[in-house]
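**Q** Return a 3D structure for these sequence lines:
(chains A and B)
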Protein chains: 2
Amino acid sequence: MEELPRQLPQDDDSRFFRLIKLTYAKVQRPFEELFKGQLTALELHVLCELKVSGPMTVTELSERLRIPKQQMSKLVSKMALAGNIVKKRTVLADKRSVRVEITDEISQMMSAKCLGYMDAIGKTLEDNGIDRMQFVAAVRFLTDILDRIDEHHIPPQTNG
Amino acid sequence: MEELPRQLPQDDDSRFFRLIKLTYAKVQRPFEELFKGQLTALELHVLCELKVSGPMTVTELSERLRIPKQQMSKLVSKMALAGNIVKKRTVLADKRSVRVEITDEISQMMSAKCLGYMDAIGKTLEDNGIDRMQFVAAVRFLTDILDRIDEHHIPPQTNG
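**A** Modelled structure (predicted):
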């Protein structure tokens, strides 16, 4: 058996893959399914980014979602045609730029759709006697940390 | 403005979308990129499920990943041909079934690849003076809750 690059407790490793598995199966997939037939997974994540972070350029969007700029540019044009987003030309100092913005209509639709998912979490907390505020605090703690991870520190490829 | 089906504090809503956005941009996408050109996102999540939960049938896999059974069946055959998984015929009581298992080789490769990502998290914790054990405890707390969410409680479609 080839030796791993560095020794980590086995427990760390399995916890990481458990987190990947659960955020996919219990967060991302159910969320994507709410919009099945209406929005692709990628379109949904573009909208989610714009809903949370506000208007931004195509370059910023492509960096945040780790998608090639050309691909993002095409996607944004398609979504603008579908009426999910609007492109706004702005003049900042003497530099012109186009910023992309989510429409109020789709933003409100997304908020309405996610209520069912939040109900399912609420029910899980209730059924298991877990304090709602403790859950909220844990989510806040973790999202704050995730937000601070510098993507540029994550190597795109390791020598495994 | 149309009224939302039920009143929720605005804060809850934005925290939910922030969680979706961050788990996608800072967990799922970097993880998928580690295996770019080698494994598709869906293949990766199949392997992740098998690595964490052990061998299971195609039906179980399709339910856990919320993918139609027929699509999962094709994918499993493709992955078996590529040598990432093995199909094992088992006879339980008088019922025959085929269970799918991840190969040791790909399981070890996945463990090795994810070290870079774990380093990035470790660096973020260190840079921000966050206690590593507090982070581990928060991850454990949240994954335990996610694990208990009954997918069947999540409505596939709400009237938004």
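**Q** And chain A, what are its domain boundaries?
**A** Domain ranges of chain A: A:23-113, A:116-150, per automatic domain parsing.
**Q** want to throw those into JSON lines with distance to residue B:64 and mean neighbour count?
**A** C-beta: built from backbone N, CA, C; applies to glycine. Below are the domains of chain A laid out as JSON lines (distance: least, Cβ to Cβ, whole Å; neighbours: other Cβ atoms under 10 Å in any protein chain shown):
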{"stretch": "domain A:23-113", "distance to residue B:64": "6", "mean neighbour count": "17"}
{"stretch": "domain A:116-150", "distance to residue B:64": "16", "mean neighbour count": "15"}
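**Q** Which residue ranges of chain A form strands?
**A** Using DSSP state E, the strands found in chain A span residues A:56-57, A:85-92, A:95-102.
**Q** okay if I get those strands as CSV plus mean pLDDT?
**A** Below are the strands of chain A laid out as CSV (pLDDT from 0 to 100):
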stretch, mean pLDDT
strand A:56-57, 94
strand A:85-92, 81
strand A:95-102, 85
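**Q** With respect to residue B:127, which of the domains of chain A lies nearest?
**A** Residue B:127 lies closest, by Cβ to Cβ, to one member of the domains of chain A: domain A:116-150, at 7.7 Å.
**Q** can you list the residues that contact stretch A:65-72?
**A** Around stretch A:65-72, the neighbours that count as contacts under Cβ atoms under 8 Å, 6 or more residues apart in numbering or on different chains are A:42, A:45-46, A:49, A:58-59, A:61-62, A:75, A:151, B:24-25, B:29-30, B:33.
**Q** So residue A:57 sits against residue A:96, correct?
**A** No - applying Cβ atoms under 8 Å as the test, residue A:57 and residue A:96 come out as separate, 11.0 Å apart.
**Q** Among the contacts of stretch A:65-72, which are located in helices?
**A** A:42, A:45-46, A:49, A:58-59, A:61-62, A:75, B:29-30, B:33 (DSSP state H).
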